[in-house]
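Colleague: Provided below for reference: sequence and predicted model.
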Amino acid sequence: MNHPLREGQTGEEESFASGFAPTYRDQEFMKISESMRLTDPFHGARKLIPILLIPLLLASCSPSQAAHPTPTPYPPVDVLEPARYIVKTGTVQKTLTLNGRITPVASQPVFFEVDGIVTDVRFASGDEVSAGDVIASLSTQDLQYQLDRAKLNLQANQLKTNLAAVTQAQIAVSQAVTEDERLLAEAQLTDAQNQAKIQDIEVQLLQADVDHLEAEIAGRQITAPFDGEVQSLTVHPGDSIMAFAPIGLLVDPSRLEVTANVTPEVVPQLGVGQAVTVTLPVHQVVFNSFIQSVPTRIGATEDNVISISLPEDLSATSGELATIFIILQERRNVLTLPPAAIRTFQGRAFVIVAEPDGTRRRYDVQLGLQSEVRVEIVNGVTEGQIILGE
């Protein structure tokens with residue numbers, strides 16, 4: 001059964017008016033609520049605020065009053081005209097640019113011919129040497145002893161000559177009176193001559209021993225093959241050295257040239273006497289020269305180096321950088337177009353010609369020498385025609 005609210009009864013008390021007995025906690029809550037209602041003059045108005053806000057919220061969410069975003073306009077599309085090229089008569093060059101250095105004409109790595117221990121180093125990097133100077137040596141103590149003995153044996157055998165016996169036998173033959181004396185004297189002469197030949201052979205053998213030991217000792221020394229400068233030397237007394245391992249470099253700084261490495265594919269296109277243009281950035285000098293040597297053998301393991309003559313009146317230093325420009329092939333007075341004007345399809349080259357009446361027409365063309373800048377047109381177009389690029 002429903003019970004109406006009594007005058008002065010709050011909403012919180014409705015559940016208690018329905019016939020249920022309030023608990024102690026409910027009674028305390030009712031007292032606090034009644035106290036707040038009596039002391040807060042805005043208690044009733046505070047309850048009306050959420051109700052008044054509902055229409056405003058509904059109005060703001062109404063589709064009819066929602067703001068529409070302004071669309072961003074697309075930028076206008078520019079229609080690019082194709083580039084235009086004119087068929088011209090000119091020159092097409094296939095060129096090669098290399099990076100090189102100024103190097104001595106005469107340079108030679110130095111090394112020992114046998115294994116050993118370094119005992120003597122007489123020069124250092126940067127020192128000047130003359131041809132025949134001993135630069136460094138290995139230990140030769142054992143060989144020197146053998147050489148000394150061989151020389152003594154040689155001298156002793158040279159003193160034991162049989163020339164006197166041969167001369168005496170020859171005199172005896174000439175003075176023989178009877179046949180028996182002559183035969184005896186001739187036999188003695190033959191024996192003396194044979195002994196002299198044997199002695200001569202022994203001397204030659206001993207001389208060969210001396211020469212061999214001297215060569216071995218020389219092999220344990222590094223001597224300068226020409227007048228020049230020790231550009232590098234990396235050994236010191238006491239170092240253990242392997243045979244034929246380079247330990248330094250000897251150069252002749254009085255004669256210089258320009259050298260550059262080339263790939264094996266380019267070598268067949270180069271030759272002695274071929275014209276080149278060289279630029280030395282340090283001196284800001286450009287000069288014309290020619291190739292004076294090319295690789296004789298071509299391969300991945302070979303040093304594919306070309307050398308270029310340097311003017312004698314040019315003051316330069318070994319090690320300076322150089323830029324080398326070489327014309328490999330050239331065609332003069334031929335029809336040319338830039339590479340961008342030529343199109344290809346399935347291996348065929350063609351161009352699009354802008355005809356005088358405004359139409360466009362495709363022409364197949366035959367290409368000749370090609371470079372990064374110009375291409376030779378053998379046939380297919382004529383001078384003055386306008387070609388459309390892509």
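Modeller: Sure, I can see it.
Colleague: which stretches of the stretch 251-390 of the chain have low pLDDT?
Modeller: Where the stretch 251-390 of the chain drops to pLDDT under 70, the residues are 297-302.
Colleague: Tell me which residue is most central in the chain.
Modeller: Centroid-nearest residue in the chain: N261, 10.0 Å away (criterion: CA atoms, centre = their mean).
Colleague: Tell me which helix or strand comes right after the top helix by length along the chain.
Modeller: Scanning the chain for the helix with the most residues, using DSSP state H, yields helix 179-219. Moving toward the C-terminus from helix 179-219, the next helix or strand (DSSP states H and E) is strand 221-223.
Colleague: ok, back up a step: so how far is the longest helix of the chain from its chain's centroid?
Modeller: 64 Å (CA atoms, centre = their mean, to the nearest Å).
Colleague: helices and strands around that helix, which ones?
Modeller: Under the contact criterion of 3 or more CB pairs under 8 Å, 6 or more residues apart in numbering; DSSP states H and E, helix 179-219 touches helix 141-159, helix 163-175. Just so you know, the C-beta spots here come from the backbone N, C-alpha and C atoms, and that holds for glycine as well.
Colleague: repeat that with 10 Å
Modeller: On a contact count with 3 or more CB pairs under 10 Å, 6 or more residues apart in numbering; DSSP states H and E, helix 179-219 meets strand 134-138, helix 141-159, helix 163-175.
Colleague: still on that earlier bit, wait, what's in contact with the residue nearest to the centre of the chain?
Modeller: Residues in contact with N261, defined by CB atoms under 10 Å, 6 or more residues apart in numbering, are L98, N99, G100, R101, P295, D303, N304, V305, I306.
Colleague: Okay, and the beta partners of it?
Modeller: Following DSSP bridges, N261 is listed with bridge partners V305.
Colleague: next one: K88
Modeller: On the basis of DSSP bridges, K88 is bridged to T336.
Colleague: what number of residues lie near it?
Modeller: K88 is flanked by 14 other residues according to other CB atoms under 10 Å.
Colleague: circling back to that earlier point, show the average pLDDT along the longest helix of the chain.
Modeller: Model confidence over helix 179-219, given as mean pLDDT, is 74.
Colleague: circling back to that earlier point, please report how far the residue nearest to the centre of the chain lies from A275.
Modeller: Counting by CB to CB, to the nearest Å, the gap from N261 to A275 is 20 Å.
Colleague: can you list the domain ranges for the chain.
Modeller: As assigned by automatic domain parsing, the chain contains the domains 11-64, 84-92+331-388, 140-219.
Colleague: Report the buried residues of stretch 241-252.
Modeller: Using 16 or more other CB atoms under 10 Å as the test for burial, stretch 241-252 gives I241, I247, G248, L249, L250, V251, D252.
Colleague: what distance separates the start and the end of that stretch?
Modeller: Chord length of stretch 241-252, first to last residue, is 25 Å (CA to CA, to the nearest Å).
Colleague: Can you name the residues that contact A245?
Modeller: Contact analysis of A245 by CB under 10 Å, 6+ apart lists P109, F111, F112, D115, V235.
Colleague: and what of E330?
Modeller: Counting by CB under 10 Å, 6+ apart, E330 makes contact with T91, V92, Q93, K94, T95, L369, S371.
Colleague: residue ranges with poor pLDDT in the stretch 101-250 of the chain?
Modeller: Looking at the stretch 101-250 of the chain by pLDDT under 70, you get 145, 157-173, 176-177, 181, 185, 189, 192-194, 196, 198.
Colleague: Try it again at 80.
Modeller: Scanning the stretch 101-250 of the chain with the threshold set as pLDDT under 80 gives 140-206, 209, 212-219.
Colleague: quick one, strands of the stretch 201-350 of the chain?
Modeller: Ranges of strands in the stretch 201-350 of the chain, per DSSP state E, counting those that start in this stretch, are 221-223, 228-233, 240-241, 248-251, 256-261, 275-280, 285-293, 305-309, 321-337, 343-345, 348-354.
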